[in-house]
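Visitor: need the 3D shape of this:
(one chain, ligands or ions: 2)
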Amino acid sequence: MAAICPNCHSPEAVAYVINDDGLYPFTCMECDASVIRSTPRGTLIGSVPCPTGGCTGSVRDAYLYDSTGRLAQLNRHRCLLCGTDQTRKATHHAADHGEHAVPDPRMLRIAGRRV
Ligand SMILES: [Zn+2]
Ligand SMILES: [Zn+2]
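Guide: Ligands and ions are numbered 1, 2, ... in the order given. I've put the predicted structure just below:
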């Protein structure tokens, strides 16, 4: 799992794991910022423009810190306008890895005609 960096606002740049001690985030892959500690009871926000075409909203990750200044919660806030919780266009993501997660719509149409 990964979250938006509150420092450089790169999407999915802060990978994190949840273990017995709670949330453990790794440093940002883009800017090397460490988000595990901040101001006690502080909040950091990472935000990216909504990836939905034509939508002017944003998707945000809120990092909430406890009284000792350790990361206690990480909450993703969906785009207020379209409701997506994605930080990148799904098609871009699939292309990055050479995958075809979504069937080509043209193939579906051909298959539909055969039935
Ligand atoms: Zn960063
Ligand atoms: Zn949106």
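Visitor: quick check: mean pLDDT across stretch 16-23?
Guide: Mean pLDDT, computed over stretch 16-23, is 91.
Visitor: check the offset of that stretch from the chain's centre.
Guide: Computed by Cα atoms, centre = their mean, to the nearest Å, the chain-centroid distance of stretch 16-23 equals 17 Å.
Visitor: any stretches of the protein with poor pLDDT?
Guide: Counting by pLDDT under 70, the chain contains low-confidence residues at 90-115.
Visitor: listing partners with orientation, what would you give for the helix or strand harbouring residue 63?
Guide: In this structure, residue 63 is located in strand 58-65 according to DSSP states H and E. Each strand pairing with strand 58-65, determined using DSSP bridges, is listed with its direction: strand 43-49 (antiparallel), strand 71-77 (antiparallel).
Visitor: so for ligand 1, which of those sits nearest?
Guide: Distance to ligand 1, taken as Cβ to the ion, is lowest for strand 43-49 among these, at 8.0 Å. Any C-beta I mention is one placed from the backbone N, CA and C, and that applies to glycine too.
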